[in-house]
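> Here is my input; please provide its structure:
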Amino acid sequence: MPGPLTGVRVLDLTSVVMGPYATSVLAELGADVVKIEPPGGEVMRKSGPMRHPDMGHFYLAINRNKRSAVLDLKRPEALQVLLRMAAASDVLVYNIRPQAMERLGLGYAVLRETNPRLLYVGAYGFSQKGPYAARPAYDDLIQGMAGIPWLSQQAGADKPRYAPMVLVDRMVGLQLANAITTGLYYRERSGHGQRIDVPMFEGMLSVVLGEHLAGRAFEPAVGPTGYQRSLAEDRRPYRTKDGWLCAMVYNDKQWRSFFEVIGRPEVFSDDERFHSQNSRLTHIDHVYGFLADVLGTRTTDDWLRLFERADIPASRMYDIDAILTDEHVRATGFVREVDHPTEGKLRVTAIPTEWSESAPQHRSHAPLPGENTFDVLREFSITEDEIEKLVTTGAARKAGP
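The predicted structure is shown next:
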């Protein structure tokens, strides 16, 4: 068995990042993910840099191990084909608003009638139980509503900033992948399919509020919101004499070792601000400020040698190029080169989990839009005559001649 989800068939109607990232996790784990795309291809294909049209770097990164079929679901004949495909699938996942799915004729009641064992999984902006149910949402919007730009300013930024990565889509995408695999486990035990909703706003709130409710986790409140350690202005890479160092002096053992390294062992016992985990958190600005001052007195190499001997976690601050040349990354082969049949040599990451059995594998490249349309339709018992009619009317398309 090449992966733990081998034999699971997923119809992927998602686009942009959150849904495709989640289904890329399923595909990495062995699921047969059929990506259903509109005639123009999904939007992330346009995100450069790229060598050829519709094959942007972002699309390539989160769509390998999938197959692409182009169906124009606004045409009734394509919609009927999709329903036939859903009847023989395990999961249908989408990330347009549920109201739009209903208008397409793909609401849960229709799909449940088609296949009672199907997991019908929606990933979109907001829970359908509240007044924001029909609102559109993107990563930046949800970051703002979840407090991330505000938190960045609380932590010392000169102005609010979004995290410099597509954070919400990936965080909630992992929750989406987890919900699907858990739903499959439940179905194997019960025999029942079901509808599963994975809203972005609530998903990200579970991450942010998990630490930043802080004093307001209690009623009545025992303090303000905001986890002190995460918001400390000096919780950052530290400037050394010749560069930057990422160091984590955290528990009592590490702090004792640190004071031994700098020749001031008495500080741990004499300065109550360093006595315990709780005391250090209470005085976190002083603690991080002290660390910043001391680390500025030596070079990065000096500190790395000293901290390695003291068993204190530390590393250089990497840029992306440094990650690619890191000795550990090279030794594990986590970033590797593969040959794509149309895009040439690509640099890709490996699957980030390691298994003693049923190990996931890199099985196929990210497809061209509609590259697998005909093969996929045949697998779902769509006849050659039906395929020809779908192509003639524009309801289905295939890449290339």
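
> Can you show me the strands along the stretch 51-200 of the chain?
In the stretch 51-200 of the chain, the strands defined using DSSP state E, counting those that start in this stretch lie at 66-71, 91-94, 119-124, 194-199.

> what distance separates the third one from the centre of its chain?
Okay, so that is strand 119-124. Mean-position distance between strand 119-124 and its chain equals 16 Å (C-alpha atoms, centre = their mean, to the nearest Å).

> What helices and strands are in contact with it?
Here strand 119-124 touches helix 18-28, strand 91-94, helix 98-104, helix 108-114, helix 167-190, strand 194-199, going by 3 or more C-beta pairs under 8 Å, 6 or more residues apart in numbering; DSSP states H and E. To be clear about C-beta, it is placed using only N, CA and C from the backbone, and glycine gets the same treatment.

> Of all these, which one comes closest to residue 134?
Closest to residue 134 of the helices and strands packed on strand 119-124 is helix 98-104 (C-beta to C-beta; 5.8 Å).

> doesn't residue 273 make contact with residue 283?
Yes - using C-beta atoms under 8 Å, residue 283 makes contact with residue 273 at a distance of 4.1 Å.

> How about the secondary structure of residue 336?
strand (DSSP: H, G, I helix; E, B strand; the rest coil).

> Against residue 55, how distant is it?
19 Å (C-beta to C-beta, to the nearest Å).

> Now mean neighbour count too, for the helices and strands packed on strand 119-124, in a markdown table please.
What follows is the helices and strands packed on strand 119-124, written out as a markdown table (neighbours: other C-beta atoms under 10 Å):
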| stretch | mean neighbour count |
| --- | --- |
| helix 18-28 | 26 |
| strand 91-94 | 25 |
| helix 98-104 | 15 |
| helix 108-114 | 16 |
| helix 167-190 | 19 |
| strand 194-199 | 19 |
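
> Tell me which of those lies nearest to residue 370.
helix 18-28 (16.1 Å).

> C-alpha coordinates for the closest one, PDB please?
What follows is helix 18-28, C-alpha atoms only, in PDB (Å, rounded to 0.1, in the frame of the first residue of the first chain):
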ATOM      1  CA  MET A  18      -7.100  26.500   1.600                       C
ATOM      2  CA  GLY A  19      -9.000  23.800  -0.200                       C
ATOM      3  CA  PRO A  20      -6.200  22.800  -2.600                       C
ATOM      4  CA  TYR A  21      -3.700  22.700   0.300                       C
ATOM      5  CA  ALA A  22      -6.000  20.400   2.200                       C
ATOM      6  CA  THR A  23      -6.500  18.100  -0.700                       C
ATOM      7  CA  SER A  24      -2.800  18.100  -1.400                       C
ATOM      8  CA  VAL A  25      -2.300  16.600   2.100                       C
ATOM      9  CA  LEU A  26      -4.900  13.900   1.200                       C
ATOM     10  CA  ALA A  27      -3.200  13.300  -2.200                       C
ATOM     11  CA  GLU A  28       0.200  13.000  -0.500                       C
END
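
> got a list of contacts for the helix or strand just after it?
Downstream of helix 18-28, the first helix or strand assigned by DSSP states H and E is strand 32-37. Around strand 32-37, the neighbours that count as contacts under C-beta atoms under 8 Å, 6 or more residues apart in numbering are 7-13, 15, 20, 23-24, 26-27, 42, 63, 65-71, 73, 82, 85, 89, 367, 369-370, 372, 376.

> show me the contacts for the nearest residue to residue 257 once chain neighbours are set aside.
Spatial nearest neighbour of residue 257, chain neighbours left out: residue 310 (4.1 Å); criterion: C-beta to C-beta, 6 or more residues apart in numbering. Shown in contact with residue 310 (C-beta under 8 Å, 6+ apart): 254, 257, 258, 260, 261.

> Any stretches of the stretch 51-200 of the chain with poor pLDDT?
Within the stretch 51-200 of the chain, no stretch has pLDDT under 70.

> One more: the stretch 251-400 of the chain?
Along the stretch 251-400 of the chain, segments meeting pLDDT under 70 span 400.

> Show me where it has its helices.
In the stretch 251-400 of the chain, the segments counted as helices under DSSP state H, counting those that start in this stretch are 252-261, 266-270, 277-282, 284-295, 300-310, 320-325, 327-332, 373-379, 384-393.

> ok, and for the second one, which residues are buried?
When neighbours are counted by 16 or more other C-beta atoms under 10 Å, the buried residues of helix 266-270 are found to be residue 268.

> What helices and strands are in contact with it?
helix 252-261.
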